[in-house]
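>>> Need coordinates for the below:
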Amino acid sequence: MYKRKLGPLIISLARQYPVLTITGPRQSGKTTLCRQAFPSKSYVNLENPDTRRLAAEDPRGFLASIPDGAILDEIQRAPQLSSYLQEVVDSERRNGLFILTGSQQFEVMTRISQSLAGRTAVLKLLPLSLEELPRNLQSMSLNRLMLSGFYPRLHKEKLEPARFYGDYMETCIERDLRQLVSVKDLSTFERFVRLCAGRGRAPSRVEIRRVTS
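Down below sits the predicted model:
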């Protein structure tokens, strides 16, 4: 387990707001952090098709089944819940009732701004920082760290970076990106991602045309 700097802050904010929303890229550690910070909270994974179906078919009944609130993981998978969450938190008037996590920041924030504005604190969790790395990893060379990246699972399970990031990119396209935009040519999109990754600045229009033509 990694000690995240955001840990004490989310506990503090949960005492001040009825809802806490944590966004960030997939596998940055959102679920682990929330379950460590709130071990007594019920945990609901909205990636589960059966759970998601219940939330979609009867959102009021679904929320009534967790009267003490819960960690609702991947909230963007059940976007209709945000309006019903507003009803619950306005009725209950209890802080720290729901902890929401979401990997699709744009989708999550659109819903939150519409339904839960003023009722939730919003935080973003990124992969590990240098300070959050355990000491045995801090001794790695900078080049090796840059090549491996800072995703917690990669280091915890000693995964091969090339395989990890290949699978990660495929997951992001299939689960996240295609819910936001239509990606018709995956190979062109992959070339575009590599172009962005290989630059220390935003690519020019000429460079983009070169990889997409």
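>>> Give me the helix or strand of the protein that scores worst on average pLDDT.
Least confident helix or strand, the chain: helix 178-180 with a mean of 67, by mean pLDDT, DSSP states H and E.
>>> Spatially, which residue comes closest to Thr120, not counting chain neighbours?
Val19 (3.8 Å; CB to CB, 6 or more residues apart in numbering). For every residue, glycine as well, the C-beta is placed using N, CA and C.
>>> Was I right to think the one you found contacts Arg119?
Yes: judged on CB atoms under 8 Å, Val19 makes contact with Arg119 at a distance of 5.4 Å.
>>> what sits in contact with each of those two?
Val89 (CB atoms under 8 Å, 6 or more residues apart in numbering).
>>> Look at these two and report which has more neighbours.
Neighbour count, other CB atoms under 10 Å: between Val19 and Arg119, Val19 has more, with 26 against 17.
>>> List the residues that contact the more buried one.
85, 89, 97-100, 116, 119-121.
>>> Try it again at 7 Å.
Residues near Val19 by CB atoms under 7 Å, 6 or more residues apart in numbering: 85, 89, 97-98, 100, 116, 119-120.
>>> Excluding sequence neighbours, find me the nearest residue to Leu123.
Per CB to CB, 6+ apart, closest to Leu123 is Ile22, 5.2 Å.
>>> Off-centre distance for the helix or strand that neighbour falls within?
Using DSSP states H and E, Ile22 sits in strand 19-23. Distance of strand 19-23 from its chain centroid, counting by CA atoms, centre = their mean, to the nearest Å, is 10 Å.
>>> Export that strand to PDB, keeping only CA atoms.
Provided in PDB are the C-alpha atoms of strand 19-23 (Å, rounded to 0.1, in the frame of the first residue of the first chain):
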ATOM      1  CA  VAL A  19     -20.600  14.300  -1.100                       C
ATOM      2  CA  LEU A  20     -16.900  14.000  -2.000                       C
ATOM      3  CA  THR A  21     -16.000  13.500  -5.700                       C
ATOM      4  CA  ILE A  22     -12.600  12.100  -6.700                       C
ATOM      5  CA  THR A  23     -11.700  12.100 -10.300                       C
END
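>>> Tell me the helix or strand right after it.
Following strand 19-23 in sequence, per DSSP H and E, is helix 30-37.
>>> Could you tell me the angle between the helix or strand encompassing Glu87 and strand 19-23?
In the assignment (DSSP H and E), Glu87 maps to helix 81-92. Counting by axes from the mean of the first three to the mean of the last three CA atoms, to 10 degrees, helix 81-92 lies at 150 degrees to strand 19-23.
>>> Buried residues in helix 81-92, which are they?
81-82, 84-86, 88-89 (16 or more other CB atoms under 10 Å).
>>> now do stretch 64-84
66, 69-79, 81-82, 84.
>>> quick one: that stretch to chain centroid distance?
With CA atoms, centre = their mean, you get 15 Å for stretch 64-84.
>>> what's the span of that stretch from first residue to last?
10 Å (CA to CA, to the nearest Å).
>>> what does it rub up against?
Counting by CB under 7 Å, 6+ apart, 31, 34-35, 38, 41-47, 52, 55-56, 59-60, 63, 97-104, 107-108, 111-112, 115-116 sit against stretch 64-84.
>>> Please apply the same query to stretch 198-212.
188, 191-192, 195-196.
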